[in-house]
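Engineer: Below: sequence and its predicted model.
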Amino acid sequence: MTRKLDLSSFIAGVSFAGWANGVAEKCGFSVTRAVNSLKSKRQETLNQLGIETVLDIGANTGQWARELRGCGYSGRIISFEPVPEAFTRLKALAESDRKHACVNAALGNRDGEAELLVTNSTVNSSLRMPIQGRASSNGAEIHQRIRVPIRRLDDVLPTLAPEPRRFYMKIDTQGFEREVLAGATRTLLQTDAVEVELSLAEMYAEQALLPEIWQMLVSSGLRPAWVERGYRDPKNIWLLQVDGLFIREEAWNAKSSLP
């Protein structure tokens, strides 16, 4: 049975949507379709590529992993988090999830130890010095310096995922993205998608900015698929970070061509 378009209902719906957007804007909000979001694109990518293992690099207390599970992802998650306090909460979260493994270490371009600067808001903790004038309003004040283990992903991952796999990698390491990628050159060849925080200005001393990280990912065969506004300096107009999703084009095309 063919449904007929009820023009009056359609016009009323459009009018209501326009009114709602107008009210939201007057209140300082912007309404966006749910499909036009990183969260939606992430879920589409996980489903389309049939990802079975996600690498959660910079897991903090497991917020991102909880979001994955809440969206229906049922595959394996391997989380890396160096801050002891945050790791304790992450580990507690994963105890009831047999497909969620946790590693209490930072990832970088070498194996050994490194000094971690723990901030008031542990999510901002970093192996690089926070630039206080730019990030202090975001809980980036240092309250502790500790020594933590640091590992190359290429070295530690084979013990965690010994069989051949294709990965989705999320990197949220507060200015240490370049070093994480430098220690994951082999792993990147097995990775079909990377979600990463990209900085437009230095939030942490001597960190790599968007152009360098972008080029590292493109050189590894990944193509930008989605970019979304991230952190903005609350004191002025400047956008400081965006979130990017990079996908291996041949992997996407291969899955899209399946009947």
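Structural biologist: The structure has been received and is ready for your questions.

Engineer: any idea which helix or strand comes after the helix or strand bottoming out on mean pLDDT in the chain?
Structural biologist: Ranked by mean pLDDT, DSSP states H and E, the helix or strand of the chain with the weakest confidence is helix 7-26, at a mean of 50. Sequence-wise, the next helix or strand downstream of helix 7-26 (DSSP states H and E) is helix 38-49.

Engineer: and that next one, which residues are buried?
Structural biologist: Residues of helix 38-49 classed as buried by neighbour count (16 or more other C-beta atoms under 10 Å): 38, 41, 42, 43, 45, 46, 48, 49. Glycine gets a C-beta too; all of them are placed from N, C-alpha and C.

Engineer: Check which helices and strands that helix sits against.
Structural biologist: When contacts are defined as 3 or more C-beta pairs under 8 Å, 6 or more residues apart in numbering; DSSP states H and E, helix 38-49 packs onto strand 167-171, strand 191-199, strand 222-229, strand 241-248, helix 249-256.

Engineer: ok now it, how far from the chain's centre?
Structural biologist: 12 Å (C-alpha atoms, centre = their mean, to the nearest Å).

Engineer: how far off strand 222-229 does it point, in degrees?
Structural biologist: In terms of direction (axes from the mean of the first three to the mean of the last three C-alpha atoms, to 10 degrees), helix 38-49 departs from strand 222-229 by 160 degrees.

Engineer: Residue 171: what's it in contact with?
Structural biologist: 57, 58, 177, 180, 181, 194, 195, 196, 197 (C-beta atoms under 8 Å, 6 or more residues apart in numbering).

Engineer: what about 10 Å?
Structural biologist: For residue 171, the contact set (C-beta atoms under 10 Å, 6 or more residues apart in numbering) comprises 55-58, 80, 107, 153, 177, 180-181, 184, 194-198, 213, 217, 244.

Engineer: do residue 185 as well
Structural biologist: Residue 185 neighbours (C-beta under 10 Å, 6+ apart): 109, 152, 153, 154, 216, 220.

Engineer: top of the residues you listed by neighbour count?
Structural biologist: residue 153 (28 neighbours; other C-beta atoms under 10 Å).

Engineer: can you tell me which residues contact the closest residue to that residue other than its chain neighbours?
Structural biologist: Take residue 153 and drop its neighbours on the chain: the residue closest to it by C-beta to C-beta, 6 or more residues apart in numbering is residue 184, 4.0 Å away. The contact partners of residue 184, by C-beta under 10 Å, 6+ apart, come to 55, 57, 107-109, 152-155, 157, 167, 169, 171, 190-191, 194, 220.

Engineer: do that again at 8 Å, thanks
Structural biologist: 107, 152, 153, 154, 169 are the contacts of residue 184 under C-beta under 8 Å, 6+ apart.

Engineer: ok, the residues you listed vs residue 131, which is closest?
Structural biologist: residue 107 (22.1 Å; C-beta to C-beta).

Engineer: Just give the number of residues close to that closest one.
Structural biologist: When neighbours are counted by other C-beta under 10 Å, residue 107 registers 28.

Engineer: ok now the helix or strand containing it, how far from the chain's centre?
Structural biologist: Element membership of residue 107 [criterion: DSSP H and E] is strand 106-108. Remark: strand 106-108 is offset 15 Å from the chain centroid, using C-alpha atoms, centre = their mean.

Engineer: Quick check: buried residues in whatever helix or strand comes next after that strand?
Structural biologist: Using DSSP H and E, the helix or strand that follows strand 106-108 in sequence is strand 112-119. Of the residues in strand 112-119, 114, 116, 117, 118, 119 count as buried by neighbour count, 16+ other C-beta under 10 Å.

Engineer: Can I get these in JSON lines including pLDDT?
Structural biologist: Listed next are the buried residues of strand 112-119 as JSON lines, based on pLDDT from 0 to 100:
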{"residue": "114", "pLDDT": "97"}
{"residue": "116", "pLDDT": "98"}
{"residue": "117", "pLDDT": "96"}
{"residue": "118", "pLDDT": "96"}
{"residue": "119", "pLDDT": "94"}
